[in-house]
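Undergrad: sequence? don't have it. structure:
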């Protein structure tokens, strides 16, 4: 006998990537940034700590909104902050999708979307990417039940990007909001943020976990037109961002020099990793994110490679997409972490 | 034209108590703790900061769970942590209640519950407290649609408590889970945590915002039987508590001497505030929380009192419950804050 909603009982629950809490691993499995965050973040958090934690934080994190709005060329009421972009995804799902309705997403893509739809009691429809990682017309096909489309751009696990013009086209053809999940956009050559002014249907979410090396702080945000932001704000918890994360996140986006330097290092290592994996017999998709998706053109099983690396204390993400295939998604670590990985993979 | 769910469009949204971000107010309106948190919290957060924010936090905040379980006499899998007990309430609502179903709560009580039910597309049924702040049989009346009952204990705004035996009785008679919201229980003479072992229907939520002076940190948790915790865990965001809040919250509950000392100060001031308000012509309910609910037995309007105090830079919470009446909910501040308030209220 269960008191849970049937949708919850039916749910397996999302399993995040392994987060070993003890022991020494070279951790290349959950796309964290291998570098320490900007020193300005530490200082801002220490200052916030000194001013005390006894008061509730600003419900809208206006300090961050003002700064982010400046940076992105929008007004502050175009920005809503969240407890990681995970919370943004949850709020968007709860705002637009009722039980029994339909959510559309590409395949293979970020597995969490399906879980979030499942919690909401909604169905998910997965539209396969084409062989060149583009999306065909099925992604915008009319459906009475369709209430939300989700597009990670750059995509995970592929690291590929749909061009901005194509994203706008998809949004215009869809009869529902399109959330462009830009968790990895700081590593890409483009962002869709400026499309938000073109269509109320476009929402762009961002995360500070990856590019700003703040996965432990939990801070993300979404950019959308003010009416959309106002509706989403009704759904979020009142005090969803804590005082330390607001201070840290604001300092982080204020230090664009740190971002540029870190990005350059990661892009250089990404290029080297891509080439080295190819020379070791893998197919490696050109990535615009901080990871590289590696498959075997000869269809040799890759799970044993993941297992062997794990035994040798290097964690990468093994992914098996039913009906599509398997691969290793390798986060771009430091040069020496990637050297360690590569030395464990025999040269092909 | 709106893409939002009709339930969201229909929602006014919850308005939290005023949180002035600038200017100097004596802030007695949102039940924050007037004292600084334990110094152990600062040290733990600084240590977590030094070990870096680049990695994702522990999805289940096991460090806290272990310590809380010890303190409460349960096993760690009886505890689920949240981004404030607000998130716990949201997760519980999403876990048990589908659109069109029914949530039951007492009246007058914590206004947020209705908003959370509204976001979920559910109806709320408010059962009025009796004149002595007890709850009659209507609270447990059978209803096919009933999926969750919420009981703040101590209640807000009254600060009153239903005895443990009565809570157990209610849970046994209800055909749905009963969430006992113990946000203020550290200021009370009892807790219902040990009832959880008696019934899978009882969930007890706790907050570190008030008693541990950590409103700015966002940390709360729920105690329930392991099957219930496992179901709730499927609904929460994967990394819902950040690394700094896990460290700070764990240090906070580890310092029970700090809690005992702070509690003693607040209870003494509460007693003095209660008596002083009575001598100024108010009816003040004996409180087991860190606030006192003050009404006027002569039915004189209290809103002007709130307004005048605000002009004089003392914020209390004015509350007007339709069909029930209005009052001032005054948080227990420091002795000197309460002196300042009392000197502004003419002696009756």
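TA: Ah, there it is. Not measured: the values here are computed from a predicted model.
Undergrad: Residue A:173: what's it in contact with?
TA: Counting by CB atoms under 8 Å, 6 or more residues apart in numbering or on different chains, residue A:173 touches residue A:140. Glycine gets a C-beta too; all of them are placed from N, C-alpha and C.
Undergrad: ok, and what's touching stretch A:117-133?
TA: Contacts made with stretch A:117-133 from outside it, assessed by CB under 8 Å, 6+ apart, are listed as A:5, A:7-8, A:10-11, A:93-94, A:97-109, A:113-114, A:135-136, A:138-139, A:143, A:145, A:147, A:155, A:158, A:160, A:285, A:324, B:94, B:98, B:234-235.
Undergrad: List only buried entries from those.
TA: A:5, A:7-8, A:11, A:93-94, A:97-98, A:101-106, A:108-109, A:113-114, A:135, A:139, A:147, A:155, A:158, A:160, A:285, B:94, B:98, B:234-235 (16 or more other CB atoms under 10 Å in any protein chain shown).
Undergrad: Check residue A:15 and give its pLDDT.
TA: We have a pLDDT of 74 for residue A:15.
Undergrad: what's the answer for the one 3 residues further on, then?
TA: The score at residue A:18 is 77. That number is its pLDDT.
Undergrad: now whichever strand or helix holds residue A:292, how far from the chain's geometric center?
TA: Under the criterion of DSSP states H and E, residue A:292 resides in strand A:291-295. The chain centroid and the centroid of strand A:291-295 are separated by 16 Å under CA atoms, centre = their mean, to the nearest Å.
Undergrad: all helices for the stretch 101-250 of chain A, in order.
TA: A:112-119, A:164-173, A:226-235, A:243-254 (DSSP state H, counting those that start in this stretch).
Undergrad: shaky segments in chain A?
TA: Counting by pLDDT under 70, chain A shows low-confidence ranges at A:21-23, A:347-348.
Undergrad: Do you have the strands of it handy? List them.
TA: If DSSP state E is used as the criterion, the strands of chain A fall at A:26-28, A:79-82, A:102-107, A:123-128, A:146-152, A:178-181, A:202-207, A:220-223, A:283-284, A:291-295, A:314-321, A:325-331.
Undergrad: quick one: which of those strands is nearest residue B:247?
TA: strand A:26-28 (19.6 Å; CB to CB).
Undergrad: re the thing from before, winner for burial among the helices of the stretch 101-250 of chain A?
TA: Most buried of these by mean neighbour count (mean count of other CB atoms under 10 Å in any protein chain shown) is helix A:243-254; its value is a mean of 26.
Undergrad: returning to what we had before: within its sheet, name the partner strands of the strand holding residue A:292 and how each one runs.
TA: Take DSSP bridges as the rule and strand A:291-295 pairs in its sheet with strand A:283-284 (antiparallel), strand A:325-331 (antiparallel).
Undergrad: what bridges to the closest residue to residue A:295 other than its chain neighbours?
TA: Of all residues not flanking residue A:295 in the chain, residue A:327 sits nearest, at 4.1 Å (CB to CB, 6 or more residues apart in numbering or on different chains). Following DSSP bridges, residue A:327 is listed with bridge partners residue A:319.
Undergrad: I'd like the distance between residue A:327 and chain B.
TA: Per CB to the nearest CB, to the nearest Å, residue A:327 is found 22 Å from chain B.
Undergrad: Is it correct that that residue is in contact with residue A:317?
TA: No - assessed by CB atoms under 8 Å, residue A:327 is found out of contact with residue A:317, at 9.0 Å.
Undergrad: Identify the contacts common to those two.
TA: residue A:157.
Undergrad: Kindly state the beta-bridge partners for the closest residue to residue A:104 other than its chain neighbours.
TA: Leaving out its chain neighbours, the residue that sits closest to residue A:104 by CB to CB, 6+ apart is residue A:149, at 4.5 Å. Here residue A:149 sits in beta bridges with residue A:104, residue A:178, as judged by DSSP bridges.
Undergrad: Many thanks, have a good one.
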